[in-house]
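S.K.: dropping the sequence and predicted coords here.
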Amino acid sequence: YKIMRNIGNSFVRLGQFQDAIQSYEAIMDQCPDAQTGFNLIVCYYALGDKEKMKKGFLQLLNVPEHFDGEEEEEEEDEEVTAEKKEGGFLMPDELKKERKQRKKRLNSYVYMAAKLIAPVIDKEVALGYEWVIEHLKAPRKNHSPRSGVGVRSGFPQTSMEMEIAKGIAFLKRRQIQEAIEVFKSFEKKDAGLLDQAATNLSFLYFLESIGGSGDFKNAEKYAELAVRADRYNAKALVNKANCLFVRCEFDQGKELYLEAIGVEADCVEAIYNLGLVNKRLNNLHDALQAFKKLHRIIPKDPQVIYQIANLHEQIGDNHESTKWFKILHGVVPSDPKVLARLGTLYAKENDETAAFHNFSDSYNIYPANMEVISWLGVWYVKSELYEDAIQFFERAAEIEPHEVKWQLMVASCYRRMRNRAKARALYEKIHKQDPDNVECLRYLCAILKETNDREYEEYQKLLNKAEKNQASKDNRYMKSDLREDMSDNSAQQASMMAHAAAAAAAAAAASANPKMSAETPASSPQNTNRMHHDDMQMGKQPEIYQPNLSPKSIQTLNSGKARTDEWGDDELGDDLL
């Protein structure tokens, strides 16, 4: 039958599944075995024949286990094995070892076949899994060398594993409630797979709590249950550590991540989250080491590469950061945020050509990033290419129509091009939208004065009025800030006086009772203030880290020219208008 099986395997390689099925069916009729039964189901699956998939699965379940005798045979084998000793060591029982391997192989084939056909044998996925689980639990025929044909139990362990697979199938189809019901049912069953069910439940509740619609306490509850059920379950340890991470207990979370890595050295979730928790603890070099280790395991993962590049930038190594962002650009060549980060790094190194190239590519892919638009607009202004700059500032005005500064930028470009007519028209339009804008009135008055326009005096009066209003507003803000500072100072003085009074009372008591003076230290105002400050820092609620590929604030180019106008060199503020 091995020759016939090899012939069937050859037909499968050639894609001739019907001929392969004939070879496999002939074997299953004469001398059935687990491997041939599984191959037959795969062929039925390739042809999409649901009824024959069911038939083949039932044949696989009834494959005779010539290696599995009755309980008395097992007990006899154990007694014989116990008697085989030499020098205090048990002699290896090769027959028993072979039987265990065959049984393990059969269970493996049954589990793989069940996972293969369960989602496709019925229109509803749940019904397909229920059919498979029902037949896995059902008793089946047994061909024992001693007792002949009998009845034996099904595959209880495999049926429980299929229950887990059923819950995961619901998860993949975003049927969350059905998945939760499946996993919760394991609380009342045997604890054999309880850790897996609890791990999945903890993961579900954790995701829902992060999204704002779940119960975080249930995530913690099932994470603790999974760890208690199996301390060597790396995924369970990661779930529990994630709960501690959200509660800002970073040190305890770090210990659990390390424990999970000790259990499973290539657990990517534990290594990635270990890097994140080290970042939160400001251990940047340890975080970098974790992400580089993970990069060796999954070298093409963009999130890992981003973390390495970002950490190098935080450490201050812009050269290495640029190198890793280039690697990331090779993995995700159409990501505009990666290109913007590269442009930012080149701008820091004063490489204007490379910065302009990357910012331009970023803009071509995603022309709505305001930081990229403003950088390119300022770059064109510094290069005295005002017509090109106008395109970017007009684009910015379309994205942020209520932001007046972009229209002022466009008007300023027209003014530099000596196109006073368009500049005046745009300034007048801005004045109608924002009558109290001092910058607009100032430049409008300058244009009218240059052209000797009769409306100059009228707009000059409006400018003077707007400047007075602005000055009065600034004075009010200054007085308000001054009152707040004075109230803070008076409160601080009162606190210091209270501490001084307490210190004097303590000193008087100490002089009356020398023993108390030796055992009770006096608290000074400086120590008290430091303690309060530390409490404020400890009680501060840190925001949860989320990997983000968005660029930081983009700096403008540092031009080597002398500053001859109001365009700034460092950032895009109101003084550039």
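M.R.: Structure received. From a predicted model like this one, the values you see are computed outputs, not experimental measurements.
S.K.: so residue 372 touches residue 340, yeah?
M.R.: Yes: with contact defined as Cβ atoms under 8 Å, residue 372 reaches residue 340; the gap is 5.4 Å. The C-beta positions use only the backbone N, C-alpha and C, and glycine is treated the same way.
S.K.: does residue 430 really touch residue 408, like I thought?
M.R.: Yes: counting by Cβ under 8 Å, residue 408 is a contact partner of residue 430 at 6.5 Å.
S.K.: between the two, what contacts are shared?
M.R.: residue 440 (Cβ atoms under 8 Å, 6 or more residues apart in numbering).
S.K.: how much space between residue 387 and residue 468?
M.R.: Using Cβ to Cβ, to the nearest Å, residue 387 is found at 37 Å from residue 468.
S.K.: now the helices for the stretch 351-500 of the chain?
M.R.: 352-365, 370-382, 386-399, 404-416, 420-433, 438-450, 456-512 (DSSP state H, counting those that start in this stretch).
S.K.: TSV for these, including mean neighbour count?
M.R.: Formatted as TSV, those follow (neighbours: other Cβ atoms under 10 Å):
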stretch	mean neighbour count
helix 352-365	19
helix 370-382	23
helix 386-399	18
helix 404-416	23
helix 420-433	17
helix 438-450	19
helix 456-512	12
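S.K.: adding distance to residue 274, write those helices out as TSV.
M.R.: Conversion of the helices of the stretch 351-500 of the chain to TSV gives the following (distance: least, Cβ to Cβ, whole Å):
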stretch	distance to residue 274
helix 352-365	32
helix 370-382	32
helix 386-399	40
helix 404-416	44
helix 420-433	53
helix 438-450	51
helix 456-512	42
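S.K.: of all those, which one is nearest residue 29?
M.R.: helix 352-365 (61.5 Å; Cβ to Cβ).
S.K.: please save the CA atoms from the closest one in PDB.
M.R.: The C-alpha coordinates for helix 352-365 follow below in PDB (Å, rounded to 0.1, in the frame of the first residue of the first chain):
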ATOM      1  CA  GLU A 352      18.600  70.900   2.200                       C
ATOM      2  CA  THR A 353      18.600  68.900  -1.100                       C
ATOM      3  CA  ALA A 354      17.900  65.600   0.500                       C
ATOM      4  CA  ALA A 355      15.300  67.100   2.800                       C
ATOM      5  CA  PHE A 356      13.500  68.800  -0.100                       C
ATOM      6  CA  HIS A 357      13.500  65.500  -2.100                       C
ATOM      7  CA  ASN A 358      11.900  63.500   0.800                       C
ATOM      8  CA  PHE A 359       9.400  66.200   1.600                       C
ATOM      9  CA  SER A 360       8.400  66.500  -2.000                       C
ATOM     10  CA  ASP A 361       7.900  62.700  -2.300                       C
ATOM     11  CA  SER A 362       5.800  62.800   0.900                       C
ATOM     12  CA  TYR A 363       3.700  65.600  -0.500                       C
ATOM     13  CA  ASN A 364       3.100  63.700  -3.800                       C
ATOM     14  CA  ILE A 365       1.800  60.700  -1.900                       C
END
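S.K.: contacting residues around residue 261?
M.R.: Counting by Cβ under 8 Å, 6+ apart, the residues that residue 261 touches are 234, 267, 270, 271, 274.
S.K.: quick check: it vs residue 292, distance?
M.R.: Applying Cβ to Cβ to residue 261 and residue 292 gives a distance of 14 Å.
S.K.: just the element for residue 231, please.
M.R.: Per DSSP states H and E, residue 231 falls between elements, in no helix or strand.
S.K.: what do you get for residue 227?
M.R.: Using DSSP H and E, residue 227 falls in helix 216-229.
S.K.: how about residue 112?
M.R.: helix 94-117.
S.K.: likewise for residue 127?
M.R.: Using DSSP H and E, residue 127 falls in helix 125-137.
S.K.: quick one: terminal-to-terminal distance for stretch 39-56?
M.R.: 10 Å (Cα to Cα, to the nearest Å).
S.K.: what's next to that stretch, contact-wise?
M.R.: So stretch 39-56 is contacted by 5, 8-9, 12, 17-18, 20-21, 24-25, 28, 37, 57, 59-60, 113, 116-117, 120-122, 131 (Cβ under 8 Å, 6+ apart).
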